[in-house]
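Peer 1: let me see the structure of the following:
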Amino acid sequence: MIPKMVCAEQNYKPQSAPCSTYADLVTEAERELTAYLTAVKEIHGLHSVNIAAEHWIQALDEICLSNLNPKESFRRVTFSAVSTLCH
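Peer 2: Alright, predicted model coming up:
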């Protein structure tokens, strides 16, 4: 499953964005996810990493990222995933 990167109601067209935009999004997502999973591993152990990754990807799919810069966008995803992991 490929996560939605923006709100559907904004009629986002991937063809209209430059390649560097996608590269920047992927790079920032990888950075944020890596930092999150590293912290989960250190705090909760290796057994929690797969569940944490699933929560992060689910949060990415559910959060509207179009109006934020990539760093803020993926940080919001991480906050959501942490919240889910803690419950």
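
Peer 1: mean confidence score for the biggest helix by length in the chain?
Peer 2: Among the segments of the chain that qualify as a helix by DSSP state H, the longest is helix 19-44. When pLDDT is averaged along helix 19-44, the result is 89.

Peer 1: now that helix: buried residues?
Peer 2: Within helix 19-44, the residues that qualify as buried are 25, 28, 29, 32, 33, 36, 37, 40, counting by 16 or more other CB atoms under 10 Å. (Each C-beta comes from the backbone N, C-alpha and C, glycine too.)

Peer 1: TSV for those residues, including distance to residue 54?
Peer 2: What follows is the buried residues of helix 19-44, written out as TSV (distance: CB to CB, whole Å):
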residue	distance to residue 54
25	20
28	20
29	15
32	15
33	11
36	12
37	11
40	11
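
Peer 1: between those residues, which is nearest residue 60?
Peer 2: Proximity of the buried residues of helix 19-44 to residue 60 (CB to CB) peaks at residue 29, which lies at 7.4 Å.

Peer 1: does the closest one touch residue 60 like I think?
Peer 2: Yes: at 7.4 Å, residue 29 counts as touching residue 60 under the criterion of CB atoms under 8 Å.

Peer 1: which residues do these two both contact?
Peer 2: Any residue near both residue 29 and residue 60 by CB atoms under 8 Å, 6 or more residues apart in numbering counts here, and that gives residue 74.
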